[in-house]
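**Q** show me the folded form of this:
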Amino acid sequence: MGVIGALGILFVRVDTNIEGYFLGRSEVRRSTELINEKFGGSQYISILFRGDVLLPEILQRMEQYEDAIRNEPAVGTVSSPVTLLKELSKGFYSQDEEGYNQLPASADEAYQFLEVFSMGGNGEEIEQFIDYNFEHARILISLKDGSNRAGKELVEKLRTITRDDPNVMFITGDGLTKIELADMVIRGQVLSLVFAIVVVFLLIWFSFRSCKAGLISTIPLSVAIVVLFGLMGFMGISLDIATALLSSIMIGVGIDYTIHFLWRFKKERARGLDHMDAVQETLTTAGKGIFYNAFSVIVGFLALGISNFAPMRYFSALIVISITICLISALLVVPAIVILTKPKFLDPK
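**A** Presented below is the predicted three-dimensional model:
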């Protein structure tokens, strides 16, 4: 099982798609689908420019960036001063005149377009793309694919095509914020998982005064972690903000079973029982308590399985699987290791 789980880890995808968290035909799900389909997307990324943003050369670069990203699969709509100025040109020129649906030939002409447009009470529309002093502007890109994977690919492309542009300040927006937040949580959970296993190892080492005790205690946790993430890889469940929290709960719950078994086994050995009899006595006494403890926790987490919130369903299923694996390891794997290796730290003094 551990080997199969290790293979499945190779297929684990690190991704967060908040829009996919809502299942069925909930109001949030339906409204998000409608926005993505009809309005180009519910999340946005902006490219921020600084300088004399009405200069033709800067506007032309903006237009090139628009053309380069408009056909990206994750992109819904692209808006910028270029879009606004081209639309305004249609009101200043007829279709057969040069300049119709084209960028202004100079910064002064662009300023005149915007000045006339603002006189009609449209100042707020202008401020969506250009600030009052015409020193900053932005390209606003909507995303119709809410996954982190699609967002990262788009951001990487934006950084590539704007790398040598001296007027580009930042690539930012709520879509990018969500990506960074999810990555921070996942990185933090991975680091905390390693830290927690090390701390558990040290605590058990200190409690039993034996390095081997720490190693034996971490075996059930290690097996559960490998199998759990392996199943996520085979089942196509992404490692995201919700599922990354599994490891912490699994360590807190799963380590108890091994400690209870080892401590009771040590007492049975102190009574003079050999390893086989001590294991049997431990399983028939403390083993029952371990089983009922795990069963009650599993039943409690199963209640989350009926939620319409997708992370809660995944969380419920995966935590039940992980606790079951910890239980099996504590009642089968650890006793087998104890019988085969006969560790001295469990022998009566």
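**Q** how about low-confidence regions in the chain?
**A** Where the chain drops to pLDDT under 70, the residues are 1-6, 8-10, 15, 18-20, 23-26, 247, 349.
**Q** just give me the residue right at the centre of it.
**A** Centroid-nearest residue in the chain: residue 240, 3.0 Å away (criterion: CA atoms, centre = their mean).
**Q** wait, doesn't that residue sit right on residue 16?
**A** Yes: counting by CB atoms under 8 Å, residue 240 sits close enough to residue 16 to count as a contact (4.0 Å). The way it works is simple: take the backbone N, C-alpha and C, and place the C-beta from them, glycine included.
**Q** any common contacting residues for the two?
**A** 148, 182, 186 (CB atoms under 8 Å, 6 or more residues apart in numbering).
**Q** buried set for the helix or strand that contains residue 207?
**A** If you go by DSSP states H and E, residue 207 is part of helix 174-208. Residues of helix 174-208 classed as buried: 175-176, 178-179, 182, 185-186, 189, 192-193, 196-197, 200-201, 204-205, 208 (neighbour count, 16 or more other CB atoms under 10 Å).
**Q** next, the angle helix 174-208 makes with the next helix or strand after it.
**A** Sequence order places helix 211-235 as the next helix or strand after helix 174-208, per DSSP H and E. Compare the direction of helix 211-235 with that of helix 174-208 by axes from the mean of the first three to the mean of the last three CA atoms, to 10 degrees and you get 150 degrees.
**Q** packing partners of helix 211-235?
**A** Here helix 211-235 touches helix 2-9, helix 174-208, helix 246-270, helix 310-328, helix 334-341, going by 3 or more CB pairs under 8 Å, 6 or more residues apart in numbering; DSSP states H and E.
**Q** tabulate those (a markdown table), appending distance to residue 232.
**A** As requested, the helices and strands packed on helix 211-235 are exported to a markdown table (distance: least, CB to CB, whole Å):
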| stretch | distance to residue 232 |
| --- | --- |
| helix 2-9 | 7 |
| helix 174-208 | 13 |
| helix 246-270 | 9 |
| helix 310-328 | 7 |
| helix 334-341 | 25 |
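**Q** nearest to residue 62 among these would be which one?
**A** Evaluated over the helices and strands packed on helix 211-235, closeness to residue 62 peaks at helix 174-208, with 18.8 Å, by CB to CB.
**Q** point out the other helices and strands that that closest one packs with.
**A** In this structure, helix 174-208 packs against strand 43-50, helix 148-161, helix 211-235, helix 246-270, with contacts taken as 3+ CB pairs under 8 Å, 6+ apart.
**Q** need those in JSON lines with mean neighbour count and distance to residue 300, can you?
**A** Listed next are the helices and strands packed on helix 174-208 as JSON lines, based on neighbours: other CB atoms under 10 Å; distance: least, CB to CB, whole Å:
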{"stretch": "strand 43-50", "mean neighbour count": "22", "distance to residue 300": "35"}
{"stretch": "helix 148-161", "mean neighbour count": "18", "distance to residue 300": "31"}
{"stretch": "helix 211-235", "mean neighbour count": "20", "distance to residue 300": "18"}
{"stretch": "helix 246-270", "mean neighbour count": "20", "distance to residue 300": "11"}
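**Q** residue contacts, residue 343?
**A** Counting by CB under 8 Å, 6+ apart, residue 343 touches 210, 212, 213, 216.
**Q** kindly report the same for residue 240.
**A** Applying CB under 8 Å, 6+ apart, the residues contacting residue 240 are 14, 15, 16, 17, 148, 182, 186, 311.
**Q** now for residue 307, how many residues are close by?
**A** If you count neighbours by other CB atoms under 10 Å, residue 307 ends up with 14.
**Q** that one contacts residue 314, doesn't it?
**A** No: counting by CB under 8 Å, residue 307 stays clear of residue 314, with 10.0 Å between them.
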